[in-house]
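Student: pasting the sequence and the predicted coordinates here, then a few questions.
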Amino acid sequence: MLETLHAANGLGLAAPQVGVSRMLFIVDWSMLDDADGEEIEDVEVYINPVLKKAAEKTAMGEEGCLSFPEISARVERIDQVEISYQNLDGEEVVKVLDDFPARVVQHEYDHLMGILFIDRISARERSRIKPKLQDILAGRIKTFDGSQKDETEVGS
Ligand SMILES: [Zn+2]
């Protein structure tokens, strides 16, 4: 999965996106810049994650997804979440994340629940991205399934 993530130049990848029915996702935090000097481990594997909201506050932010190439849209997310999961060593970990990292784990966790970021956008955003979505549905933009070897060809 990590190879796939890097091949796609992505930040996060959930197992169902590559046809694996497992409750896990990976995030490569090194894709983020570490402006506030916070300690960020590079690649993290979140196994059997459970998300809880840790704040009522929400924030809007731009998201994209490897499963929806060429689309980005504004999504409202909880600003702070608590995530409990097992790491690769089988240890139970509990973390509180906020801002962008909170957004990333919510996006990836949603994949495990069968929810896509386009399910969470406003009607206005939906109509804005509709042409691209139709291109994807019609196969004119090839979606990411982990099997791409060549550059995706985009028809017009
Ligand atoms: Zn995604």
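Tutor: Thanks, I have the structure now.

Student: what sits against the closest residue to Arg128 other than its chain neighbours?
Tutor: Distances taken as C-beta to C-beta, 6 or more residues apart in numbering put Ala73 closest to Arg128, at 7.3 Å, once the chain neighbours are dropped. Using the backbone N, CA and C atoms, a C-beta is placed for each residue, glycine as well. By C-beta atoms under 8 Å, 6 or more residues apart in numbering, the residues touching Ala73 are 62-63, 117-118, 121, 125-126, 128-129.

Student: just among these, which is most surrounded?
Tutor: Phe117 (23 neighbours; other C-beta atoms under 10 Å).

Student: I'd like to know how far it sits from Met1.
Tutor: Going from Phe117 to Met1 by C-beta to C-beta, to the nearest Å gives 19 Å.

Student: just the CA coordinates for the helix or strand of the chain with the lowest mean pLDDT, please, in CSV.
Tutor: Within the chain, no helix or strand scores below helix 2-7, which has a mean of 88 by mean pLDDT, DSSP states H and E. The C-alpha coordinates for helix 2-7 follow below in CSV (Å, rounded to 0.1, in the frame of the first residue of the first chain):
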residue,chain,number,x,y,z
LEU,A,2,2.9,2.3,0.7
GLU,A,3,4.3,1.8,-2.7
THR,A,4,0.9,2.6,-4.2
LEU,A,5,0.6,5.7,-2.1
HIS,A,6,3.9,7.0,-3.2
ALA,A,7,3.4,6.0,-6.8
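
Student: list the buried residues of that helix.
Tutor: Residues of helix 2-7 classed as buried: 4-5 (neighbour count, 16 or more other C-beta atoms under 10 Å).

Student: which other helices and strands does that helix contact?
Tutor: Secondary-structure packing of helix 2-7 (3 or more C-beta pairs under 8 Å, 6 or more residues apart in numbering; DSSP states H and E): strand 12-14, strand 24-28.
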